[in-house]
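J.: 3D model of this:
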Amino acid sequence: MMINQAGTYPFAGRNVKRLGYGAMRLAGPGVFGPPRDRDAALAVLRAAVEAGINHIDTSDFYGPHVTNRLIREALSPYPDDLLIATKIGARRGDDAAWLPAFEPGELARAIEDNLTNLGLEALDVVNLRLMFDVHGPAEGSLAAPLKAVADLQRQGLVHHIGLSNVTPTQFAEARDLAAIVCVQNQYNLAHRHDDALIDALAAEGVAYVPFFPLEDLARSSRRPCPTSRHGWRRRVCRWRSPGCSSDRPTSC
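T.: Next up, the predicted model:
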């Protein structure tokens, strides 16, 4: 199958398949509330793992609480090779708004919620999602919330720390404060702003895990990949710059 043919990638001390499963859309419309078809959501999770997926991206603010509970019901006890990466740093308002949640108490509660709803004693990877701008990376110091996450790691609640929705400046600040295993930003044919960051991360052995990798594919399907003589088709399959050779995981 395509999942196995894509090979593996070192991520958080493991080898994971380059194609992961992003669980965000398992929740209801707008990633809020329960899914329209709960049984179908459970079936999708089981089918993904049966197909060879061993990297799931989730967060307890999906729903909120909905997606992680579905993952636990569908997959627990978890396969030994399954890596679950989650996110903290945001919360949902009563009106489904996406709101920052950077205070130490909020981050600690988010870790507790993820542990409880996933049914885990420690989290494999926790991405600190920066919310200086909901719609994309924006500058601002991440020192205070990252130090709070590092404290939770020292308590044994978190194995590895990653970052989400970050700029190169923020990554440079973060690596002086904690060991960072991954960066998770939006990247696809229509959003190529991280090419230089990706190369810098690769040089340091830090995984780059794009989300929405196929967004705007139909609209952008005729746009050539400027780093490959094979054009956009190779970019969709390979996900690397320069030269578009395959060496990074992705979740969608």
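J.: any buried residues in whatever helix or strand A172 lives in, and which?
T.: Using DSSP states H and E, A172 sits in helix 168-174. Judged by neighbour count (16 or more other CB atoms under 10 Å), helix 168-174 contains these buried residues: 170-171, 173-174. Every residue, glycine included, has its C-beta placed from N, CA and C.
J.: just checking, what packs against it?
T.: Packing partners of helix 168-174 (3 or more CB pairs under 8 Å, 6 or more residues apart in numbering; DSSP states H and E): strand 158-164, strand 180-184, helix 195-204.
J.: worst-scoring helix or strand of this structure, pLDDT-wise?
T.: In the chain, the helix or strand scored least confidently by mean pLDDT, DSSP states H and E is helix 232-238, which has a mean of 31.
J.: returning to what we had before: can you say which of the helices and strands packed on helix 168-174 is nearest to L115?
T.: Nearest to L115 among those is strand 158-164 (9.6 Å), distances taken as CB to CB.
J.: now for the closest one, which elements pack on it?
T.: When contacts are defined as 3+ CB pairs under 8 Å, 6+ apart, strand 158-164 sits against strand 123-129, helix 143-154, helix 168-174, strand 180-184.
J.: who's in contact with the second one?
T.: Contacts of helix 143-154 from elsewhere in the structure, counted by CB atoms under 8 Å, 6 or more residues apart in numbering, are 88-89, 102, 104, 107-108, 111, 126, 128, 158-159, 161, 173-174, 177-178.
J.: which of those sits closest to T8?
T.: Nearest to T8 among the contacts of helix 143-154: H159, at 18.8 Å, using CB to CB.
J.: hang on, the earlier thing: dump the helices and strands packed on helix 168-174 to TSV, plus mean neighbour count, mean pLDDT and distance to N117.
T.: Supplementary listing: the helices and strands packed on helix 168-174 in TSV, determined by neighbours: other CB atoms under 10 Å; pLDDT from 0 to 100; distance: least, CB to CB, whole Å:
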stretch	mean neighbour count	mean pLDDT	distance to N117
strand 158-164	23	98	16
strand 180-184	23	97	20
helix 195-204	14	94	30
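J.: any chance of those in CSV, with distance to P77 too?
T.: Shown next, in CSV, are the helices and strands packed on helix 168-174 (distance: least, CB to CB, whole Å):
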stretch, distance to P77
strand 158-164, 18
strand 180-184, 24
helix 195-204, 33
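J.: so how far is P34 from A96?
T.: Between A96 and P34 the distance is 13 Å, computed by CB to CB, to the nearest Å.
J.: next one: A6
T.: Here the criterion is CB to CB. By it, A6 lies 32 Å from P34.
J.: could you export stretch 108-117 as CSV, CA atoms only?
T.: Extracted in CSV, the C-alpha atoms of stretch 108-117 (Å, rounded to 0.1, in the frame of the first residue of the first chain):
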residue,chain,number,x,y,z
ALA,A,108,-1.3,21.9,33.0
ARG,A,109,-5.0,21.4,32.7
ALA,A,110,-4.6,20.7,28.9
ILE,A,111,-2.0,18.1,29.6
GLU,A,112,-4.3,16.5,32.2
ASP,A,113,-7.2,16.5,29.8
ASN,A,114,-5.1,14.9,27.0
LEU,A,115,-3.9,12.2,29.4
THR,A,116,-7.4,11.5,30.7
ASN,A,117,-9.2,11.4,27.4
